[in-house]
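Peer 1: Just the structure for this:
(one chain, ligands or ions: 2)
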Amino acid sequence: MVKICCIGAGYVGGPTMAVIALKCPEIEVAVVDISVSRITAWNSDTLPIYEPGLDEVVKKCRGKNLFFSSDVEKHVSEADIVFVSVNTPTKTQGLGAGKAADLTYWESAARMIADVSKSNKIVVEKSTVPVKTAEAIEKILTHNSKGIDFQILSNPEFLAEGTAIQDLFNPDRVLIGGRETPEGQKAIAALRDVYAHWVPVDRIICSNLWSAELSKLAANAFLAQRISSVNAMSALCEATGADVSQVSHAVGKDTRIGPKFLNASVGFGGSCFQKDILNLVYICECNGLPEVANYWKQVIKINDYQKTRFVNRIVSSMFNTVSGKKIAILGFAFKKDTGDTRETPAIDVCKGLLGDKALLSIYDPQVNEEQIQRDLAMKKFDWDHPVHLQPMSPTSIKQVNVVWDAYAATKDAHGVCILTEWDEFKTLDYQRIYDNMRKPAFIFDGRNVVDEAKLRAIGFIVYSIGKPLDQWLKDMPAVA
Ligand SMILES: NC(=O)C1=CN([C@@H]2O[C@H](COP(=O)(O)OP(=O)(O)OC[C@H]3O[C@@H](n4cnc5c(N)ncnc54)[C@H](O)[C@@H]3O)[C@@H](O)[C@H]2O)C=CC1
Ligand SMILES: O=C(O)[C@H]1O[C@H](OP(=O)(O)OP(=O)(O)OC[C@H]2O[C@@H](n3ccc(=O)[nH]c3=O)[C@H](O)[C@@H]2O)[C@H](O)[C@@H](O)[C@@H]1O
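Peer 2: Ligands and ions are numbered 1, 2, ... in the order given. Below you'll find the predicted structure:
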């Protein structure tokens with residue numbers, strides 16, 4: 001029986017391995033982690049991450065051919081194929097701080113694999129890593145090994161949170177990069193056989209190691225670039241009276257451009273886009289390509305600009321002050337259908353409003369108070385470390401109140417900000433919300449989910465990203 005072990009039981013390791021176990025009943029899959037609390041949660045009824053469809057897959061396989069364990073060394077030593085899906089945060093100190101990937105966790109996983117291995121292994125890079133990481137890992141593994149053959153493969157993951165199970169069941173492609181030697185090609189074939197249990201072979205792409213590593217960073221950079229492009233257009237739409245939804249619809253109809261990923265928003269969030277683009281920027285700089293580095297850096301700058309622009313719009317339209325005013329925040333996760341708040345634009349928007357002394361009442365159907373307080377108090381990039389290595393929870397911010405209901409959040413509020421596109425925000429009783437708010441009542445829709453005409457008919461002053469402005473907003477222009 002082929003044995004697979006995955007180091008790192010996170011958003012990628014957990015769902016990916018659960019799907020491999022489901023689709024390959026004859027393979028034994030163990031997911032291991034240094035975080036004991038995470039492993040305990042994977043073995044409980046309340047999984048550590050919220051992802052539609054995940055519970056069902058885990059329940060079908062757990063205890064049969066899918067195991068979650070904190071006995072990292074045992075499972076690694078027994079495995080034929082070891083996936084490494086640990087955190088690869090942005091460095092906060094030293095060379096490349098604020099840009100380069102911190103490979104501390106990757107390196108310690110590689111050293112541990114070298115130490116405990118007694119048989120040949122295929123080691124698969126699942127984490128997103130800088131180009132040429134495989135070369136460094138090979139050095140670690142071969143220096144410490146005792147005649148054991150390690151083949152390194154790059155098999156980056158393209159799933160998006162909120163649709164992880166769907167993406168894993170039916171991926172656009174699976175990418176496997178390996179050495180162009182007979183042993184390397186044999187390792188590629190072994191991993192291809194795993195995916196071929198359910199992925200059509202024409203969707204399994206094989207390449208050299210460096211193409212696979214770079215393709216992951218490139219794909220995220222291209223995706224994020226689309227959002228920054230449409231968000232840049234949204235500012236111009238507001239200035240000219242064009243409507244960004246109409247513009248993206250018209251632009252996306254060109255089959256060379258395509259309709260997906262063109263929704264203007266308060267900015268992109270999530271654990272990877274910013275981190276991976278910063279990593280790409282650093283790699284370009286290290287390779288003596290400052291123009292290329294600056295080109296990609298601009299994608300991040302526009303994203304920061306979009307969040308600042310949103311906060312400025314709120315403050316300026318509310319008579320240039322939100323001091324002491326209750327602002328309801330609907331949605332805190334970085335997108336719908338996930339409880340993940342890593343790099344969510346809500347953090348920067350909330351911090352901006354708190355900087356102007358607002359009182360915040362926050363509601364998100366999947367994010368609890370402890371998480372929100374931690375996020376608002378944590379330093380940039382500190383979130384991307386194993387849970388037990390993160391700084392302790394600092395004292396909570398008293399201007400922030402977290403509630404479990406949109407109506408409680410909006411009661412007596414001066415303004416409402418929608419920061420995540422949860423479906424339930426489309427069907428709220430906005431008349432009831434309006435009746436219970438201070439007047440004039442404002443709605444700032446950072447995700448373009450509300451029906452502006454209906455809300456204006458109720459009496460709200462409405463701001464939607466990239467849409468023609470109400471007279472009120474035109475009279476109080478925001479300074480970016
Ligand atoms: N979150 C996402 O949607 C995607 C993430 N990725 C990449 O996958 C990698 C992992 O991301 P996530 O799963 O989101 O991170 P995560 O933080 O949810 O999970 C990583 C896990 O690795 C564990 N870990 C760290 N060092 C370890 C070690 N030495 N031994 C055992 N366990 C260790 C941590 O405790 C943590 O539970 C990152 O490189 C990320 O860029 C790639 C595609 C999608
Ligand atoms: O490497 C990763 O981590 C993953 O990053 C993204 O996935 P994810 O961050 O989970 O979610 P996305 O759906 O890409 O959304 C990212 C952010 O962009 C925003 N977004 C997305 C699409 C859009 O049109 N407009 C927009 O503002 C979302 O609201 C969210 O804040 C990629 O889509 C995945 O392919 C990739 O594997």
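Peer 1: Neighbours of the residue nearest to residue 253 when sequence neighbours are not counted, how many?
Peer 2: Leaving aside its sequence neighbours, residue 253 sits nearest to residue 259 (CB to CB, 6 or more residues apart in numbering; 7.0 Å). Placement of C-beta: from N, CA and C, glycine included. Neighbouring residues of residue 259 were enumerated by other CB atoms under 10 Å; the total is 13.
Peer 1: what do you get for the one 10 residues further on?
Peer 2: With neighbours defined by other CB under 10 Å, the count for residue 269 comes to 25.
Peer 1: Name the SS class of it, please.
Peer 2: When the structure is reduced to helix, strand and coil (DSSP: H, G, I helix; E, B strand; the rest coil), residue 269 reads as coil.
Peer 1: quick one: it from ligand 2, how far?
Peer 2: Shown here: residue 269 relative to ligand 2, a distance of 4 Å by CB to the nearest ligand atom, to the nearest Å.
Peer 1: Report how many residues lie close to the nearest residue to that residue once chain neighbours are set aside.
Peer 2: Of all residues beyond its chain neighbours, the one nearest residue 269 is residue 334 (3.3 Å), with distances taken as CB to CB, 6+ apart. For residue 334, the number of neighbouring residues by other CB under 10 Å comes to 25.
Peer 1: which residue sits closest to the closest residue to ligand 1 within the chain, ignoring its sequence neighbours?
Peer 2: Scanning the chain for proximity to ligand 1 using CB to the nearest ligand atom identifies residue 10 as nearest, at 1.9 Å. Using CB to CB, 6+ apart and skipping residues adjacent in sequence, the residue nearest residue 10 is residue 85, 6.5 Å away.
Peer 1: before we move on, what about residue 417?
Peer 2: The shortest distance from residue 417 to any non-neighbouring residue, by CB to CB, 6+ apart, is to residue 444 (4.7 Å).
Peer 1: Pretty sure the one you found sits in a strand.
Peer 2: Yes - under three-state DSSP, residue 444 sits within a strand.
Peer 1: you'd agree the residue of the chain closest to ligand 1 is up against residue 88?
Peer 2: No - at 11.1 Å, residue 10 and residue 88 do not qualify as touching, with contact defined as CB atoms under 8 Å.
Peer 1: More neighbours: which of the two?
Peer 2: Legend: neighbour count by other CB under 10 Å for residue 10 and residue 88, higher for residue 88 (25 against 22).
Peer 1: returning to what we had before: helix, strand or coil for the residue of the chain closest to ligand 1?
Peer 2: Each residue gets one of three states, and residue 10 gets coil by three-state DSSP.
Peer 1: what's it in contact with, if anything?
Peer 2: The contact partners of residue 10, by CB atoms under 8 Å, 6 or more residues apart in numbering, come to 33, 38, 49, 85, 86, 87.
Peer 1: Just the ones in helices from the residues you listed, please.
Peer 2: Among the contacts of residue 10, the subset assigned to helices under DSSP state H consists of residue 38.
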